[in-house]
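**Student:** got a predicted model here, sequence first, then my questions.
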Amino acid sequence: MAKFMSLHDAISTYVKDGDTVALEGFTHLIPFAAGHEIIRQQKKDLTLVRMTPDLIYDQMIGMGCASKLIFSWGGNPGVGSLHRLRDALEHNWPHSLETIEHSHAAMANAYEAGAAGLPLAVLRGYQGSELPKINPYIRSITCPFTGEELAAIPSIRVDVGIVHAQKADRQGNVLIEGIVGVQKEVVLGAKHAIVTVEEIVDDLNNHPNATVLPAWVIDAVVEAPRGAYPSYAYGYYERDNSFYKEWDAIARDREAFLAWINDNVLNVQG
């Protein structure tokens, strides 16, 4: 059952060094505030999982939080590369980073399988792809009914799943509106789930077919206004496109990156 906690306490309680952690959100509702708190608490040796690692994972990798990345696309959306990610891969700075790359379809299926408590995901995919040559976790399986050869990958069941949403009610139920990615699957498949929200309200006022995460699948609810900035939160604030452009120059240089982190993350109250 969900507990209302501070961001500091939620991360301190549930995220441990060496954990496998997913911070998910698709184009909006990206949990930047939670990622920054992980940096402030200097969590180490994490396996980070995300379908589209972007700026928050660039920052966490650059600060040495991760030793492994499981992903299906990585970049600064609409701008270019993630330079802290590239520095880790190409120059082992701040240390080496292991990567496991999948397709978007495979990651989505793996999250869904994890939410269902299954050990693997099966899909039609990877035919003609070279990813199986570099990813030992892509195997083949024969359908026992048709004889068709299909791709099989491990399901994703993380130690800690972290998502951001618009609001939670005072019982800890959470409403997600707008574009929905794999947030529901992350929470259902995680050993522990942390949800940051823009606000806590008396009534969610949710419409039919809304995405509601019930309190009993969540460990911690954290009120974190603007917790997705510089991405956007539908109904609350817009995406800061200028920051995504500025990040390209900041992240290219190690000293500029460390100075930005110092001013905007380490010396900022969570």
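**Tutor:** Now that the structure is in, tell me what you want to look at. Source: prediction; values computed, not measured.
**Student:** which parts of the stretch 101-250 of the chain are helices?
**Tutor:** Secondary structure of the stretch 101-250 of the chain (DSSP state H, counting those that start in this stretch): helices at 104-115, 131-134, 183-189, 241-252.
**Student:** deepest-packed of those helices, please.
**Tutor:** helix 183-189 (a mean of 24; mean count of other CB atoms under 10 Å). Using the backbone N, CA and C atoms, a C-beta is placed for each residue, glycine as well.
**Student:** what is that one packed up against?
**Tutor:** If you count contacts as 3 or more CB pairs under 8 Å, 6 or more residues apart in numbering; DSSP states H and E, helix 183-189 packs onto strand 20-24, helix 104-115, strand 160-169, strand 192-201, strand 211-213.
**Student:** average pLDDT across that helix?
**Tutor:** On average, the pLDDT along helix 183-189 is 97.
**Student:** ok, stretch 81-93 next?
**Tutor:** Computed over stretch 81-93, the mean pLDDT rounds to 98.
**Student:** and it, C-alpha only, in PDB?
**Tutor:** Output in PDB follows, covering the C-alpha atoms of stretch 81-93 (Å, rounded to 0.1, in the frame of the first residue of the first chain):
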ATOM      1  CA  SER A  81      23.800  12.300 -29.100                       C
ATOM      2  CA  LEU A  82      24.000  11.900 -25.400                       C
ATOM      3  CA  HIS A  83      27.500  13.000 -24.800                       C
ATOM      4  CA  ARG A  84      27.900  11.700 -21.300                       C
ATOM      5  CA  LEU A  85      26.700   8.300 -22.500                       C
ATOM      6  CA  ARG A  86      29.100   8.400 -25.400                       C
ATOM      7  CA  ASP A  87      32.000   9.400 -23.100                       C
ATOM      8  CA  ALA A  88      31.300   6.400 -20.900                       C
ATOM      9  CA  LEU A  89      31.200   4.000 -23.800                       C
ATOM     10  CA  GLU A  90      34.100   5.400 -25.800                       C
ATOM     11  CA  HIS A  91      36.400   6.600 -23.000                       C
ATOM     12  CA  ASN A  92      35.200   4.800 -19.800                       C
ATOM     13  CA  TRP A  93      34.500   8.200 -18.100                       C
END
